[in-house]
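> One predicted model, sequence on top.
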Amino acid sequence: MSTENTDVLIVGSGFGGAIAAYHLATGGAKVTILERGPWLQAEDFDHDYLLGKSYTRAFDFVAGDGMSILSGNCVGGGSVVYFAALPRAPRFVFERQGSIGRRMWPASIDRDTLDPWYDRVSSAIPVKQQTWDDISYAGGLWAAACNHAGRTANPVPVGIDNGKCTNCNWMMAGCKFDAKKSLLFNYLPGAVAAGAEIRPLHEVQRLERLDDGSYRVHYLHVDEEDYRITTGGGVIEAKIVILAAGAGATPVILQRSEAELGPMPHAVGRYFSGNGERLNTAIINEDRAREVLGLERGDGKAYEANQIGKGPVIASWDRLDGSLPEYRRYSLEQLYFPPGLGTILAQAPGEDGPTWLGPAKKEMLRRWQSWLTIFQIVEDDNEGVFGPPPPTGNAYRISQQMLGRGPLAYDPTPNTLGAWAAADADVRDILERDGIATVLPWTNDLVGAYTVHPLSSCRIGDDPATSALDDRHELRGHPGIFVTDGSAVPAALTVNPALTISALAERAMPGIVAAAQARGVKVSYEGSLPDPATTKPLLRPGTVPLSA
C-alpha cells in the first residue's frame, strides 16, 4: 500500500471541515479533505424519496439506544441537507452549568467574544434576516397562533436567496435551484480554488501517531451505491489532522484509534447532546383556523399548505430568557419535516395501542396537508455516551444507504424530560387554544429521542475531566489533532446550531494555523473570507455547468 503525504488532513466537509479547509488552503498549506459521502450538486437533487436518490444518498440515519441521529452524508455535509436556519446562540447559553454544576464553556468564550466570529460567517454565507414578506403559509399560521395566545413570533435568519427560492419545501433533499447557500457556494469552492483536494466516498477509520509526531490516517473507499460495501482503502500522512466528521462519527474515530494513539481524554464519546430537540405535530382544524385566526388563502382554504414553503421561517423565542432557570429556556420553531420518517414518527391522537399506526393514524395521514410541525430546542443534560466502536465506520450498516445501528446510548434525565414536558405544554397551549389544532409529540417508541443537530461528544472546555478539547479545539494529550465540528460545542444551544459551530471553527483557525506552523507547515493566517458576490458554485471535477 502506497503512502501519500499532505500538510493538513481534514475529515469531513461540513461546517467545521469546510471552514478549516478554506483558511488553511488560502494560507498556503496542502489540504486534503476526506468525505465519507458522495459529491452531489444541483442537478443531482431529486424531488422524491426513492432509494438511491438524493434523499437516501445524502443522509445518515443512525439509531442508537435511546437516541437516533440524522446527519448529512455528502460533500458539504449538513449544510446541503439542513434548512439554512442561522440564528446566534442566546447570551445565557454560554453561562450554562448543566449536569456538572459549573460553567461548561471555556472562560475565554462568551457571546461578546464570539460575536465577531458570528459576523464573519454571516458575511461569507451570507446570513439574511427574513421579513414577513418571506414567510410561508405554515410560518404565517404559527405566527398567527402565537399572536392569538399572547405570544410573540419572529422571522428566522437564514442562508437562503429568496429570489431563487420556489417554496418547494424540498430543502432536506438538497436545493435543486441553488437558492440555499450551503457550503457548496462559499467556503468549499474557495478552498478548492486555493488548491484543496476533496475526495468523496472516503471513510476514515482510525489514526496513528508516527515517530516524528505527525499522523497516519487510514481510510476505506465506500461503494457509491451500497454504503455497506467498501472497496479497498489507503493511508495518508499529515502533520495536522482536523476531525469534522460530526458529533456522531468524530468520537467513534478517536475511540477506534486509541489502541495506536494512546489513551483518549475521558470526555471523548461522552456528554453527547441532541441539542435538546423534540418535534410535535399539530393537525390543524381548518374551520377553526379560519374562524379564530381569520386565515384565508384566497382559494377557499384556510391552510392546507404544509408542503408549501421552506424549512423554518418563524420561531417563538419568548422562553429564551436568561432570567428563567435552566431547563425552562427553549425555542419553538415552525419546521417542515418531509414525508418518510416524519409520517412514521408522528403520533396519532386517540389511540389506545401504538400511536404511530392504526385507523387514527390513517385518518391523520389523509389530512397531511393540514399538518404543522413545531420544533422544540430545550436544554438537555448531555446524557449521551458512546459505547465500543463498530469494526468500521460509525455504525453497523443495515441498509444499502442511510440506515445504521450505532453505539450511542442516551437515557434522558428528569431535567431533560421536564424540559420537553414544559415545551410540549407550551405548544399545546398555543395551538390547541380555542380548538385550532390537536397536538401530539412524535413518538419515542421506535427510535428513542432523535436529533438533527448532534453536539458535544468531544467538547471544548477548561476542565480536563469534563472536556476532550482545550479552548483552541486541540485534543488533550494529542498535539496536532483538532476537532472543529458540532462535537466541540459544549452543550445544547436552545437554537439551531449551524452558525455557532461555524463561528467556533472560524475562531479556532488562527490557533490551528499557528500549530501547523510550529509543526513545519508553510502556512499563514490570511483572515480573508469567501466573497459571495464572486464565488462560483462548487462542481464535481469534469462537470460542465448547466448554464454553459
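Nice, I can see it.
> all contacts plus neighbour counts: C-alpha atoms, from now on.
Will do.
> biggest strand in this protein, by residue count?
Scanning the chain for the longest strand, with DSSP state E as the assignment, gives strand 230-243.
> Not counting its own residues, what contacts it?
When contacts are defined by Cα atoms under 8 Å, 6 or more residues apart in numbering, strand 230-243 is touched by residues 1-12, 17, 20, 213-223, 250, 480-485, 516, 519-521.
> Now intersect these with the helices, please.
Members of these lying in helices (criterion: DSSP state H): 17, 20, 250, 516.
> And for the first one, the neighbour number?
To tie it back to what came earlier, the one meant is residue 17. As a burial measure, residue 17 scores 30 neighbours (other Cα atoms under 10 Å).
> nearest to residue 407, of the ones in helices among the contacts of strand 230-243?
For the ones in helices among the contacts of strand 230-243, the residue nearest residue 407 by Cα to Cα is residue 250; the value is 12.7 Å.
> What is the neighbour count of the closest one?
Applying other Cα under 10 Å, we find 27 residues neighbouring residue 250.
> need the contact list for it.
Residue 250 touches 243, 244, 458, 487, counting by Cα under 8 Å, 6+ apart.
> again, but for residue 369
Contact analysis of residue 369 by Cα under 8 Å, 6+ apart lists 304, 305, 306, 307.
> quick one: what helix or strand has residue 525 in it?
In the assignment (DSSP states H and E), residue 525 maps to no helix and no strand.
> measure it to residue 122 for me?
19 Å (Cα to Cα, to the nearest Å).
> Name the nearest residue to residue 419, sequence neighbours excluded.
Spatial nearest neighbour of residue 419, excluding adjacent residues (Cα to Cα, 6 or more residues apart in numbering): residue 327 at 5.0 Å.
> Quick one, grab the pLDDT at the one you found.
Note on residue 327: pLDDT of 97.
> Do I have it right that it meets residue 413?
No - counting by Cα atoms under 8 Å, residue 327 does not reach residue 413; the two are 11.1 Å apart.
> sorry, back to before: are any of the contacts of residue 250 buried, and if so which?
Buried positions within the contacts of residue 250, assessed by neighbour count (16 or more other Cα atoms under 10 Å), are 243, 244, 458, 487.
> Next up, the contacts around the last one.
Taking Cα under 8 Å, 6+ apart as the criterion, residue 487 is in contact with 246, 247, 248, 250, 272, 454, 455, 456, 457, 458, 459.
> and the nearest residue to the last one once chain neighbours are set aside, how far is that from residue 145?
Taking Cα to Cα, 6+ apart, and ignoring the residues beside it in sequence, residue 459 has residue 488 as its nearest neighbour in space, at 3.9 Å. As defined by Cα to Cα, residue 488 lies at a distance of 36 Å from residue 145.
> Those two - which one has more neighbours?
More neighbours surround residue 488 than the other of residue 488 and residue 145, with 31 against 24 (other Cα under 10 Å).
> check contacts around that one.
Contacts of residue 488 by Cα under 8 Å, 6+ apart are 247, 455, 456, 457, 458, 459, 460, 469, 473.
> returning to what we had before: how about a markdown table for the ones in helices among the contacts of strand 230-243, with distance to residue 311 and pLDDT added?
Rendered in a markdown table, the data for the ones in helices among the contacts of strand 230-243 read as follows (distance: Cα to Cα, whole Å; pLDDT from 0 to 100):
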| residue | distance to residue 311 | pLDDT |
| --- | --- | --- |
| 17 | 24 | 98 |
| 20 | 27 | 98 |
| 250 | 27 | 98 |
| 516 | 39 | 98 |
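> Would you mind putting these into CSV with distance to residue 510 alongside?
Below are the ones in helices among the contacts of strand 230-243 laid out as CSV (distance: Cα to Cα, whole Å):
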residue, distance to residue 510
17, 15
20, 10
250, 22
516, 10
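> ok so, going back, could the buried ones among the contacts of residue 250 be laid out in TSV, adding pLDDT and distance to residue 292?
Output for the buried ones among the contacts of residue 250, formatted as TSV (pLDDT from 0 to 100; distance: Cα to Cα, whole Å):
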residue	pLDDT	distance to residue 292
243	98	51
244	98	48
458	98	48
487	98	44
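> Just give me the closest of the residues you listed to residue 532.
Closest to residue 532, out of all of these and judged by Cα to Cα, is residue 244, at 23.4 Å.
> re the thing from before, mark which of the contacts of residue 369 are buried, thanks.
Buried among these by 16+ other Cα under 10 Å: 304, 305, 306, 307.
> Can you classify the residue nearest the centre of the chain by secondary structure?
Centrality entry for the chain: nearest residue to the mean C-alpha point is residue 453, 3.9 Å, by Cα atoms, centre = their mean. Using DSSP: H, G, I helix; E, B strand; the rest coil, the three-state assignment for residue 453 comes out as coil.
> Which residue is the nearest non-sequential neighbour of residue 515?
Counting by Cα to Cα, 6+ apart, residue 515 lies nearest to residue 480, which is 6.9 Å off, once chain neighbours are set aside.
> I'd like the distance between that neighbour and residue 494.
Residue 480 is 32 Å from residue 494, by Cα to Cα.
> Of these two, give the one with the bigger neighbour count.
residue 494 (27 against 22).
> thinking that one is in contact with residue 276, fair?
Yes - assessed by Cα under 8 Å, residue 494 is found in contact with residue 276 at 7.3 Å.
> Overlap of the contact sets of these two?
Both residue 494 and residue 276 are contacted by 377, 378, 379, under the criterion Cα under 8 Å, 6+ apart.
> residues touching the last one, list them.
Going back to what we said before, that points to residue 379. 275-276, 326-330, 416, 419, 491-494.
> out of these, which are inside helices?
416, 419.
> Switch the contacts of residue 379 over to JSON lines; also include distance to residue 314.
Converted to JSON lines, those look like this (distance: Cα to Cα, whole Å):
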{"residue": "275", "distance to residue 314": "19"}
{"residue": "276", "distance to residue 314": "19"}
{"residue": "326", "distance to residue 314": "24"}
{"residue": "327", "distance to residue 314": "22"}
{"residue": "328", "distance to residue 314": "20"}
{"residue": "329", "distance to residue 314": "18"}
{"residue": "330", "distance to residue 314": "14"}
{"residue": "416", "distance to residue 314": "24"}
{"residue": "419", "distance to residue 314": "21"}
{"residue": "491", "distance to residue 314": "24"}
{"residue": "492", "distance to residue 314": "20"}
{"residue": "493", "distance to residue 314": "18"}
{"residue": "494", "distance to residue 314": "15"}
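> Quickly note the distance from residue 49 to residue 120.
Residue 49 is 36 Å from residue 120, by Cα to Cα.
> Compare those two and say which is more crowded by neighbours.
Between residue 49 and residue 120, residue 120 has the larger neighbour count (other Cα under 10 Å), namely 19 against 14.
> how would you label the more buried one: helix, strand or coil?
Classified using three-state DSSP, residue 120 is helix.
> what's the distance between it and residue 328?
If you measure residue 120 against residue 328 using Cα to Cα, the figure is 31 Å.
> go on, residue 113?
Using Cα to Cα, we find residue 113 at a distance of 25 Å from residue 328.
> now swap in residue 377 and tell me
For residue 377 relative to residue 328 (Cα to Cα), the value is 11 Å.
> if I've got this straight, residue 64 is in a strand?
Yes - Residue 64: assigned to a strand according to three-state DSSP.
> That one: what's it in contact with?
Neighbour list for residue 64: 405, 406, 407, 408, 409, 410, 447, 448 [criterion: Cα under 8 Å, 6+ apart].
> one more time with 6 Å, if that's ok
405, 406, 407, 408, 409 (Cα atoms under 6 Å, 6 or more residues apart in numbering).
> Measure how buried the second one is and give me the count.
Residue 406 sits with 27 neighbouring residues when counted by other Cα under 10 Å.
> what's the answer for residue 185, then?
Residue 185, neighbours per other Cα under 10 Å, totals 24.
> How about residue 212?
8.
> How about the contacts made by residue 387?
Residues near residue 387 by Cα under 6 Å, 6+ apart: residue 407.
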